[in-house]
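Enquirer: sequence first, predicted coordinates after that:
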Amino acid sequence: MNFSNDPGSICQGLDELTSIHKQIQSDLSKYRCSRCDRFGVVSGVHDYFGIIYKCSCQAVFWVINPETGDRIEEVKP
């Protein structure tokens, strides 16, 4: 990003930073508990999915699909 004294350039730079910030927040939300919003704790490793995350507030485990980047939740008894 190159900034100049041109207000249009500054606004464009702010828009880019806002977009980057939203993407980072979206990425981080995959690692947070859907109930209490705390970061999950690593509870194991899966052969395909990799790291398994868990939160102590509920019996839900989740992984991040390596192909799509989507979060997949599973309720454990």
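Expert: Here it is on my side, so go on. Numbering: from 1, shown residues only.

Enquirer: where exactly do the strands run in this protein?
Expert: Secondary structure of the chain, counting by DSSP state E: strands at 41-46, 50-54, 60-64, 71-75.

Enquirer: want to throw the ones you listed into CSV with distance to residue 15?
Expert: (C-beta placed from N, C-alpha, C; glycine too.) Compiled in CSV, these are given as follows (distance: least, CB to CB, whole Å):
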stretch, distance to residue 15
strand 41-46, 36
strand 50-54, 32
strand 60-64, 28
strand 71-75, 27
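
Enquirer: deepest of these, which one?
Expert: Most buried of those, by mean neighbour count (mean count of other CB atoms under 10 Å): strand 60-64, with a mean of 19.

Enquirer: who are the packing partners of it?
Expert: Counting contacts by 3 or more CB pairs under 8 Å, 6 or more residues apart in numbering; DSSP states H and E, the secondary-structure elements packed against strand 60-64 are strand 50-54, strand 71-75.

Enquirer: now tell me what touches the first one from outside.
Expert: Read that as strand 50-54. With CB atoms under 8 Å, 6 or more residues apart in numbering as the contact definition, strand 50-54 has outside contacts at 31, 40-46, 60-64, 66.

Enquirer: run the chain-centre distance for it.
Expert: Centroid separation between strand 50-54 and its chain, computed with CA atoms, centre = their mean, to the nearest Å, is 13 Å.

Enquirer: make sure residue 30 is actually in contact with residue 65.
Expert: No. The criterion here is CB atoms under 8 Å, and residue 30 misses it with residue 65 at 9.8 Å.

Enquirer: look at the two and report which has more neighbours.
Expert: Between residue 30 and residue 65, residue 30 has the larger neighbour count (other CB atoms under 10 Å), namely 16 against 13.

Enquirer: so the spatially closest residue to that one that is not a sequence neighbour bridges to which residues?
Expert: The spatially closest residue to residue 30, leaving aside those adjacent along the chain, is residue 71, at 4.6 Å (CB to CB, 6 or more residues apart in numbering). Note on residue 71: beta-bridge partners by DSSP bridges are residue 64.

Enquirer: contacting residues for residue 71?
Expert: So, once contact is read as CB under 8 Å, 6+ apart, residue 71 ends up touching 30, 62, 63, 64, 65.
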